[in-house]
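A.B. asks: Build me a model from this:
(one chain, ligands or ions: 2)
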Amino acid sequence: MPSVHVNLADRSYDIVIGRQLISSIGDRAAELLNCRRCAVVTDSHVAPLYAEAVLRSLTENGIDPILIKVPAGETSKSMSAVEDVCRQMILAGLDRKAFLIALGGGVIGDLAGFAASIFLRGIPFIQVPTTLLSQVDSSVGGKTGVNTPEGKNLLGTFSQPALVIADVATLHTLPQRVYQEGFAEVIKHAAIRDASMFEAIIDIADGQGSLTELVKRNVEIKARIVEQDEHEITGERALLNFGHTIGHAIEASAGYGELFHGEAIALGMIAAARLSSELAGLPPAAVSQLEDLFKRIDLPTRLPENISTEIILDHMKHDKKFSEGKIRFILLRALGDAFVSHDVSTEHITDAIKGLRF
Ligand code: NAD
Ligand code: GLY
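C.D. replies: Ligands and ions are numbered 1, 2, ... in the order given. Coordinates of the predicted model:
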């Protein structure tokens with residue numbers, strides 16, 4: 001079975017990728033963790049699809065699970081949801097010998113990972129990501145967290161999972177738009193680290209190629225970056241923000257949910273690629289290649305008219321990456337070769353946002 005090892009000393013773990021892995025969760029958990037009780041945390045969309053199979057697999061392996069369901073959607077990434085999950089675990093009598101399974105997309109991974117990291121001062125957890133975004137990105141690396149009214153992901157921990165099980169067969173039940181937006185992070189990985197992945201992405205869009213292999217290549221890229229910068233200190237993780245500075249501001253300006261995260265990030269990547277062409281020598285043909293790929297996946301390449309440049313700039317000023325007025329911006333020298341630049345000015349960014357209308 002394809003797997004990627006994340007090498008982080010005593011926090012190392014495997015990411016197993018393939019099909020029909022849901023039924024092997026109990027087996028793998030029993031082998032890895034000497035725990036007989038666990039909580040399966042999932043959301044209201046994922047529960048009817050996969051919870052029963054996960055619970056069955058656990059009980060068949062002598063593990064006694066409780067199921068905790070939260071409403072689907074970003075609103076479940078809240079402190080009240082964390083408290084609710086933890087209290088259900090306390091009321092069910094789970095102790096420090098228990099573990100947790102996060103079954104769902106990035107919302108569940110962040111919420112349940114956070115809950116596991118603080119429950120009785122921390123219990124092991126297994127990520128079972130069920131969206132493309134969570135399989136290639138959010139389940140790998142150990143950042144967990146929830147939102148507050150002041151902003152996204154402001155409360156959280158660095159807490160590595162004990163195991164990640166990415167069953168690509170679960171992606172077939174995703175709504176089409178959610179599946180497509182996941183490709184934004186895949187294309188981001190290709191743009192910053194591995195231009196040869198462009199072909200594999202087109203193959204998948206054409207209904208060919210192996211989704212397992214594509215997810216594995218992405219997980220490898222993310223894992224190698226996390227290994228070099230587990231706690232976001234050395235700057236290596238910053239490369240993962242390619243397209244995100246402008247993209248996050250576009251997402252917030254549209255109103256959360258109007259433009260999906262991946263759609264906004266696609267626009268942010270186009271702006272960043274055009275700036276890379278102007279400031280870092282990225283060939284114009286590479287910018288066109290990137291835009292064509294977004295079109296192929298049905299991700300947007302033009303900014304919706306109702307989102308003003310001023311509102312986007314205003315949102316950007318509140319971004320933590322604009323530390324002390326200095327902009328840390330990820331540019332590309334070539335497709336697959338990203339770096340952190342301090343030479344991008346507000347004027348450059350303003351022009352790049354305006355350019356997204358053409
Ligand atoms: P999500 O978890 O909200 O899932 C999207 C939708 O798909 C939800 O309605 C969900 O119920 C549904 N769903 C999930 N799996 C399904 C399946 N297999 N079949 C049918 N429906 C399914 O969103 P997401 O895009 O997976 O994750 C976004 C979240 O991830 C954000 O909160 C973001 O902040 C977080 N994130 C975290 C990190 C990190 O480093 N921790 C990195 C990137 C993103
Ligand atoms: N949880 C994903 C990350 O640490 O980047």
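A.B. asks: Tell me, how many residues neighbour the residue in the stretch 201-350 of the chain that ligand 1 sits nearest to?
C.D. replies: Per CB to the nearest ligand atom, residue 261 is where the stretch 201-350 of the chain lies closest to ligand 1, at 6.1 Å. For every residue, glycine as well, the C-beta is placed using N, CA and C. For residue 261, the count of nearby residues is 21 (other CB atoms under 10 Å).
A.B. asks: Figure out the helix or strand that the closest residue in space to it that isn't next to it in sequence lives in.
C.D. replies: With sequence-adjacent residues excluded and distances taken as CB to CB, 6 or more residues apart in numbering, residue 261 is closest to residue 251, at 5.9 Å. Here residue 251, judged by DSSP states H and E, is contained in helix 244-254.
A.B. asks: What helices and strands are in contact with whichever helix or strand comes after that helix?
C.D. replies: Using DSSP H and E, the helix or strand that follows helix 244-254 in sequence is helix 261-279. The contact analysis (3 or more CB pairs under 8 Å, 6 or more residues apart in numbering; DSSP states H and E) places helix 261-279 against helix 176-193, helix 244-254, helix 284-296, strand 329-334, helix 346-355.
A.B. asks: Would you mind listing what in this structure touches ligand 1?
C.D. replies: 43, 45-46, 49, 72-74, 77, 104-108, 110, 130-131, 133-134, 137-138, 141, 143, 152-153, 170, 173-174, 178 (CB under 6 Å from any ligand atom).
A.B. asks: same for ligand 2: which of the residues you listed are within range?
C.D. replies: Restricting the residues of the chain next to ligand 1 to those near ligand 2 by CB under 6 Å from any ligand atom leaves 138, 141, 143.
A.B. asks: What about those residues, which are in strands?
C.D. replies: residue 143 (DSSP state E).
A.B. asks: Reformat the ones next to ligand 2 among the residues of the chain next to ligand 1 as JSON lines; add pLDDT.
C.D. replies: Shown next, in JSON lines, are these (pLDDT from 0 to 100):
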{"residue": "138", "pLDDT": "97"}
{"residue": "141", "pLDDT": "98"}
{"residue": "143", "pLDDT": "98"}
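A.B. asks: List just the nearest of the ones next to ligand 2 among the residues of the chain next to ligand 1 to residue 182.
C.D. replies: When these are compared for distance to residue 182 (CB to CB), residue 138 wins out at 10.3 Å.
A.B. asks: so what secondary structure elements neighbour the helix-or-strand element of the chain with minimal mean pLDDT?
C.D. replies: Least confident helix or strand of the chain, by mean pLDDT, DSSP states H and E, is helix 309-317 with a mean of 90. For helix 309-317, the contact count by 3+ CB pairs under 8 Å, 6+ apart identifies helix 244-254, helix 346-355 as packing neighbours.
A.B. asks: buried sites along it?
C.D. replies: By neighbour count with 16 or more other CB atoms under 10 Å, helix 309-317 contains the buried residues 309, 312, 313, 315, 316.
A.B. asks: Apart from its chain neighbours, what residue comes closest to the fourth one?
C.D. replies: Excluding its sequence neighbours, the residue lying closest to residue 315 (CB to CB, 6+ apart) is residue 249, at 3.9 Å.
A.B. asks: Distance check, that neighbour against ligand 2.
C.D. replies: 20 Å (CB to the nearest ligand atom, to the nearest Å).
A.B. asks: ok, the residue most central in space within the chain - contacts?
C.D. replies: Centroid-nearest residue in the chain: residue 138, 3.0 Å away (criterion: CA atoms, centre = their mean). Contacts for residue 138 (CB atoms under 8 Å, 6 or more residues apart in numbering) come out as 105, 106, 109, 110, 129.
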